[in-house]
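> Have a look at this fold, sequence not included:
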């Protein structure tokens, strides 16, 4: 019995350590300037104000950054689903010469970090005239060998008899892929979609390098600028941070199952 | 499966009847061709993107690293000059040292804390999912948001941490404004963000341990520590191995939190390798030199990962 209490006590301490900082983020974002300036001021905002949120758009087109983030994350996720699912179908359902070698090539690209290829990637985008454009932001992110691997596993779990029955009915590959198999791997697609959305929403290094004007910046890049401008207005910076955490939090609340499954899947592949 | 079967049934017929086999065989060949065309079609979107924006640039890094180039003029081939310059570059050596220092602090902390949280969460008790969710919140937040939050929490003058320390009568350090405390500040924020990730991976490993194994050990009089050392840790060693490899790979690439919290400062005290790459390429316009750094970073990551794959035989137990 006392063991159980100790366990809950330790977990609660941990939960406070996790939630406390987020609470402080929210509290700061609701604190007015005069109170923030006083070190001896009470911790809780008195009275709470949403004024810092109103100031978000003052120095930067903050809401433009937010819209860019939403747009880029949605488009990137949809395209990643498309490119990953089609490749996964080829690797799990089509017998062609060299499929093993090509699959190894896909797996090998999982080892390449964005940090290592960033310079030539930027040079390439310059040649293509895509620096500071949505296409430049998106192109390297709309393919995921991790997604290919994950969806391939899902396809492999489906019996071949499904395809064969469809072929007997006169279906071609496209129909077997889109109408027979794809609906059956919906949970895997959802898991990967959540994963892809999160990585796109939180991406920093590539957007930082490729987006050069405010028109194409995403929320994380915008936030890092906000900090430079408002080095003392932490309530405004925390308001921006809260705005960037909220959508991902909502996604997590509604799709917790898929988020956790997506993360643990990265553990299973080893 | 259908195609080979038709091919073998076609063979005996071929011997019996002369004109049909050619048609049959070309039918099988045509089917094979059609599969190859379909495979090309299904692979094209991902393969072209991978080649164009990942594999190509990877080879490009190696090529650019042999050039002297400022992005404006024409690249000049300089052989291994960039690499020899790296050998004598004190700033780069310092950045490598700081990256290793980051790892030395981050890795043990995140593994021990993650394991502790996973062990605590591994119980069939009410509210465990809720607790797991709280540990996961920092994992799903962006590095930028987390770094800003911790920069504010660790603000020397009026941050919450120093206010609490002050109330307890402990003078708080200067955190990210102090050269000695800048890297510990970054480590603290990073461990806080990643603990839930490590915990969830290890929890999946813990939940796969057969319960009767632990019960049998308990019947034999094994205490908590003994069970942890002799059963739990060996049983979850594949998961431990995985998070160690991933955390090391990610740790060498540490950037976002440094860029936001300290910008490598104060006075270069927390400068790391990727920050050097970004500055050399995009601030000083030395893309060849930055690419040489990228190659060195990649080589280090590759070597460390390979070393771990070799060492895993000593401590990782697969069933």
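Thanks, I have it. On a predicted model such as this, the values are computed, not experimentally measured, just so you know.
> number of nearby residues for residue A:253?
10 (other Cβ atoms under 10 Å in any protein chain shown). Heads up, the C-betas are built off the backbone N, CA and C, glycines and all.
> now swap in residue B:87 and tell me
Residues near residue B:87, counting by other Cβ under 10 Å: 8.
> Output the residue of the stretch 51-200 of chain B whose distance to chain A is smallest.
Distance from chain A to each residue of the stretch 51-200 of chain B (Cβ to the nearest Cβ) is smallest for residue B:60, at 3.1 Å.
> burial measure for that residue, as a count.
Look at residue B:60: counted by other Cβ under 10 Å, it has 17 neighbours.
> And for residue A:3?
Using other Cβ under 10 Å: residue A:3 sits among 9 other residues.
> Now it: phi and psi?
Main-chain dihedrals, residue A:3, degrees, to the nearest 10: phi -60, psi -40.
> wait, does the one helix or strand residue B:97 maps to contact chain A?
Using DSSP states H and E, residue B:97 sits in helix B:90-121. Yes. Applying Cβ under 8 Å from any Cβ of the partner chain, one finds helix B:90-121 touching chain A at B:116, B:117, B:120, B:121.
> Narrow these to those that are buried.
With neighbours counted by 16 or more other Cβ atoms under 10 Å in any protein chain shown, those contain buried members at B:117, B:120, B:121.
> Let's have those residues in TSV, adding distance to residue B:99 and pLDDT.
As requested, those are exported to TSV (distance: Cβ to Cβ, whole Å; pLDDT from 0 to 100):
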residue	distance to residue B:99	pLDDT
B:117	26	96
B:120	31	94
B:121	31	93
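> Of the residues you listed, just say which sits nearest to residue B:149.
Taking Cβ to Cβ as the measure, residue B:149 lies nearest residue B:117 of those, at 19.8 Å.
> What pLDDT does the model give the nearest residue to the closest one once chain neighbours are set aside?
With sequence-adjacent residues excluded and distances taken as Cβ to Cβ, 6 or more residues apart in numbering or on different chains, residue B:117 is closest to residue B:199, at 3.9 Å. Predicted confidence (pLDDT) for residue B:199: 93.
> coming back round to it: the residue of the stretch 51-200 of chain B closest to chain A: which element?
helix B:56-64.
> What is the neighbour count of residue B:195?
As a burial measure, residue B:195 scores 27 neighbours (other Cβ under 10 Å).
> Wasn't it part of a strand?
No. Counting by DSSP: H, G, I helix; E, B strand; the rest coil, residue B:195 is located in no strand; its state is helix.
> Go ahead and confirm it touches residue B:135.
Yes. Shown here, residue B:195 and residue B:135 form a contact pair, counting by Cβ atoms under 8 Å, at 6.5 Å.
> shared neighbours, those two?
Each of residue B:117 lies in contact with both residue B:195 and residue B:135 under the rule Cβ atoms under 8 Å, 6 or more residues apart in numbering or on different chains.
> Can you mark which positions in the following helix or strand past the helix holding residue B:97 are buried?
Note on helix B:90-121: by DSSP H and E, the next helix or strand toward the C-terminus is helix B:128-140. Under the neighbour-count criterion of 16+ other Cβ under 10 Å, helix B:128-140 has B:128, B:131, B:132, B:133, B:134, B:135, B:136, B:137, B:138, B:139, B:140 buried.
> rewinding a little: residues touching the spatially closest residue to the residue of the stretch 51-200 of chain B closest to chain A that is not a sequence neighbour, list them.
Excluding its sequence neighbours, the residue lying closest to residue B:60 (Cβ to Cβ, 6+ apart) is residue A:120, at 3.1 Å. Applying Cβ under 8 Å, 6+ apart to residue A:120 gives the contacts B:56, B:57, B:58, B:60, B:61, B:63, B:64, B:291.
> my read: residue A:102 touches residue B:44, true?
No. With contact defined as Cβ under 8 Å, residue A:102 does not reach residue B:44; the gap is 11.8 Å.
> coming back round to it: surely the residue of the stretch 51-200 of chain B closest to chain A touches residue A:124?
Yes. Using Cβ under 8 Å, residue B:60 makes contact with residue A:124 at a distance of 7.0 Å.
> avg pLDDT for whichever strand or helix holds residue B:244?
Assigned by DSSP H and E, residue B:244 belongs to helix B:237-252. Averaged over helix B:237-252, pLDDT sits at 90.
> and that helix, what other elements does it pack with?
Packed against helix B:237-252, as judged by 3 or more Cβ pairs under 8 Å, 6 or more residues apart in numbering or on different chains; DSSP states H and E, are the following elements: helix A:256-268, helix B:90-121, helix B:179-207, helix B:287-315.
> So which of the ones you listed is the most surrounded?
helix B:179-207 (a mean of 23; mean count of other Cβ atoms under 10 Å in any protein chain shown).
> Buried residues of the following helix or strand past it, list them for me.
Later in the chain than helix B:179-207, the nearest helix or strand by DSSP H and E is helix B:211-219. If you call a residue buried by 16+ other Cβ under 10 Å, then helix B:211-219 has these buried ones: B:214, B:217.
> Next: stretch A:247-255.
A:247, A:248, A:251, A:252, A:255.
> what is the rounded mean pLDDT of that stretch?
Stretch A:247-255 comes out at a mean pLDDT of 85.
> how distant is it from the center of its chain?
Offset of stretch A:247-255 from its chain centre (Cα atoms, centre = their mean, to the nearest Å): 11 Å.
> could I get the helices and strands packed on helix B:237-252 as a markdown table with distance to residue A:232?
Formatted as a markdown table, the helices and strands packed on helix B:237-252 follow (distance: least, Cβ to Cβ, whole Å):
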| stretch | distance to residue A:232 |
| --- | --- |
| helix A:256-268 | 35 |
| helix B:90-121 | 27 |
| helix B:179-207 | 19 |
| helix B:287-315 | 33 |
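> Let me know which of those is the nearest to residue A:135.
That would be helix B:287-315 among those, by Cβ to Cβ, at 21.7 Å.
> Quick one: work out the angle between the closest one and helix B:56-64.
120 degrees (axes from the mean of the first three to the mean of the last three Cα atoms, to 10 degrees).
> For residue A:215, grab the count of nearby residues.
By other Cβ under 10 Å, neighbour count at residue A:215 equals 13.
> Pretty sure residue A:60 is one of the things it touches, is it not?
No. The pair residue A:215 and residue A:60 does not pass the contact test of Cβ under 8 Å, sitting 11.4 Å apart.
> that older thread, ok, the buried residues of helix B:128-140 vs residue A:76, which is closest?
Of the buried residues of helix B:128-140, the one sitting nearest to residue A:76 (Cβ to Cβ) turns out to be residue B:140, at 16.7 Å.
> what residues are up against that closest one?
A:198, A:248, A:249, A:251, A:252, A:259.
> which SSE is the residue nearest to residue B:298 when sequence neighbours are not counted in?
With sequence-adjacent residues excluded and distances taken as Cβ to Cβ, 6+ apart, residue B:298 is closest to residue A:116, at 4.6 Å. Element membership of residue A:116, judged by DSSP H and E, is helix A:114-127.
> what are the phi and psi values for residue B:68?
The phi/psi pair for residue B:68 (degrees, to the nearest 10) is phi -100, psi 110.
> picking that back up, out of the helices and strands packed on helix B:237-252, which gets nearest to residue A:42?
helix B:179-207 (25.4 Å).
> Wait, residue A:256 touches residue B:133, no?
Yes. Counting by Cβ under 8 Å, residue B:133 is a contact partner of residue A:256 at 6.5 Å.
> isn't there a strand covering residue A:131?
No. According to three-state DSSP, residue A:131 belongs to no strand; its state is coil.
> what sits against it?
Counted by Cβ under 8 Å, 6+ apart, residue A:131 has contacts A:122, A:125, A:210, A:212.
> quick one, phi psi at it?
According to degrees, to the nearest 10, residue A:131 has phi -70, psi 140.
> so where's the stretch 151-270 of chain A uncertain?
Regions of the stretch 151-270 of chain A meeting the criterion pLDDT under 70 cover residues A:229-231, A:263-270.
> The longest helix along chain A - what's its average pLDDT?
Ranked by number of residues, the top helix in chain A under DSSP state H is helix A:62-93. For helix A:62-93, mean pLDDT rounds to 95.
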